[in-house]
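*Asks:* Just to be clear, the model below is a prediction. Sequence and coordinates:
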Amino acid sequence: MALDPSATPGLYLWRTSNAGLYATTNLFLWLKSDVGLYTDAAKSTPATADGDLVYRWEDQSGAGNDVVQVTAANRPLFDSTRKLVQSRVGLNQYFTTPPVPVNSRTLSAMFICKVQGGRGPYPRPVNNALFMTSANTSSLYYPSVPGGKLVANNNQVVKQMNCWVPSSLSCIIVSFGPTNATVYINGVQIDNPPLADGTSNLASILGYTASNNWTLQGGFQEISFWSTAIDSTDAATLFQHAQSAGVPASYSKVFVLDADSITYGIGAALNQGWPNQADFGPGSQMYNMGLAGVRLSTLVANAATQIDPMIQVGRTNVLIVFAGSNDIYGSLTPATTVYANLQSYCTARRSAGWTKIIVVTTLPRGGVAPEAQRLKYNTSIRNGFSAGTLACDAVADVASDANIGQTGQQADTSYYADGIHPTSAGHAVVANYVTAAIKSLGLP
């Protein structure tokens, strides 16, 4: 049954040759961040001001599947500037819906979202988990972790996939049926794994599970669900719509950040980590692969399988590495060893095909012995870059900064949240150095 937009205004989403895709029998959830947000159960008080906590998000599909959160501490907030319904750092926010059984072989979903990025090992929160049930069963989710899983059918892993979600405003489409699950990110098909038997139930949005604490650090501009499969033509049409919502149509530069908890965003307010404050230039897409607690030695071991596959043919691929602190302070690794690991990492990445590589120097954390190693490590980076013995194209020397880079400055609460991670203001300083390093590359 084709949908007549004149007869049912507001339900006809986008023009398409497959009008049946947008029939009322197929579209069963449509959430938009510019309409239907309320701070109360009765829908008497719209959520329109920046920071308003969202109790109910009204379904625009006509199916009546409003999503709600009755617990105030778990409610996402409304970002009036970005027009996003988003999570709050350090808290678990999610919505629940009435049970809506959906055959997993005929289910499609589209998310227009902006995620802070990062990756984390189970059960650490995974920033880009987009959709799970509160019981961690009968669900699908899409995290931006290496080997990110597409999960469905009573929590059976359909397939491990090496694909990631950009940390800029993006369009993600997941289509089930009839025999495969297809994932599109910004108009590009990423994978097409086979489906297992079972069903999925629409239950929880924003990535929270009570049992496993998966959270999304980011926000949604739009969410749509259909009880039908979406083919490549439909996906292209949806991506056209996403472009009208602000998702870039194309890009020429790819930035991948391989780093630790500072890049992950710890210490900063949501979307105020340095990756969100830095200027990557026009035509760029950024992937934040920051991982809390990771050591440079681990990045060296994993880069060939987790980072190098992110190189995109036909684009300028820029790698930014910001690590070494956890080696020096966490495992008390000598600076000479950490620097040798950095040299090995950069040399291997150059051989793998990265167009440009930027190295970020390490910030203070305290302790006499490790601090001396930090200073030695940073000096080695500067000298190696100057001498051409470190295979990188620029150094973002945040350790030289007069406010955040000197010995003991981790105690300044204006710039440091906990003696390790910068505040939003500290992240802004890091962003300025990284931006300057990017501009020094002379990229078009």
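*Replies:* Thanks, I have it.
*Asks:* how about the strands in the stretch 151-300 of the chain?
*Replies:* Listed from the start of the chain, the stretch 151-300 of the chain has strands (DSSP state E, counting those that start in this stretch) covering 156-160, 170-176, 181-185, 188-191, 199-205, 218-226, 253-259, 284-288.
*Asks:* Pick out the shakiest of those strands, pLDDT-wise.
*Replies:* Ranked by mean pLDDT, those end with strand 156-160 in last place, scoring a mean of 29.
*Asks:* Pull the number of nearby residues for residue 233.
*Replies:* Each residue near residue 233 was counted by other Cβ atoms under 10 Å, and the total is 12. All C-beta atoms are positioned from the backbone trio N, CA, C, and that covers glycine.
*Asks:* and what of the one 4 residues further on?
*Replies:* Close neighbours of residue 237, defined as other Cβ under 10 Å, add up to 19.
*Asks:* That one and residue 243: what is the separation?
*Replies:* Counting by Cβ to Cβ, to the nearest Å, the gap between residue 237 and residue 243 amounts to 11 Å.
*Asks:* so who does the residue lying closest to residue 187 once chain neighbours are set aside touch?
*Replies:* Sequence neighbours aside, residue 239 is the residue nearest to residue 187 in space, at 3.9 Å (criterion: Cβ to Cβ, 6 or more residues apart in numbering). Taking Cβ atoms under 8 Å, 6 or more residues apart in numbering, we find residue 239 in contact with 171, 173, 184, 186, 187, 247.
*Asks:* give me the low-pLDDT residue ranges for the chain?
*Replies:* Across the chain, residues meeting the criterion (pLDDT under 70) sit at 1-25, 87-107, 115-165, 176-181, 190-218, 270.
*Asks:* Which element is encountered next along the chain beyond the helix ranked longest in it?
*Replies:* Scanning the chain for the helix with the most residues, using DSSP state H, yields helix 368-387. Beyond helix 368-387 on the C-terminal side, the first helix or strand identified by DSSP states H and E is strand 394-396.
*Asks:* Could you spell out the sheet neighbours of that following strand, each with its direction?
*Replies:* For strand 394-396, the pairing partners within the sheet under DSSP bridges are strand 356-360 (parallel).
*Asks:* for the strand it pairs with, the distance to its chain's centre please.
*Replies:* 21 Å (Cα atoms, centre = their mean, to the nearest Å).
*Asks:* Stretch 345-360 too?
*Replies:* The chain centroid and the centroid of stretch 345-360 are separated by 22 Å under Cα atoms, centre = their mean.
*Asks:* That one: which residues count as buried?
*Replies:* Along stretch 345-360, the positions that meet the burial threshold by neighbour count (16 or more other Cβ atoms under 10 Å) are 345, 346, 348, 349, 350, 354, 355, 356, 357, 358, 359, 360.
*Asks:* What about the spatially closest residue to the last one that is not a sequence neighbour, how many residues nearby?
*Replies:* What sits nearest to residue 360 in space, not counting adjacent residues and going by Cβ to Cβ, 6+ apart, is residue 322, at 3.8 Å. Applying other Cβ under 10 Å, we find 26 other residues in the vicinity of residue 322.
*Asks:* what do you get for the one 4 residues further on?
*Replies:* For residue 326, the neighbour count with other Cβ under 10 Å is 23.
*Asks:* And it, how close does it get to residue 258?
*Replies:* Remark: distance between residue 326 and residue 258 (Cβ to Cβ) = 13 Å.
*Asks:* and if you look at residue 267?
*Replies:* 19 Å.
*Asks:* ok, now residue 346?
*Replies:* Residue 346 sits 11 Å away from residue 258, taking Cβ to Cβ as the criterion.
*Asks:* which neighbours do those two share?
*Replies:* With Cβ under 8 Å, 6+ apart, residue 346 and residue 258 have common neighbours residue 321.
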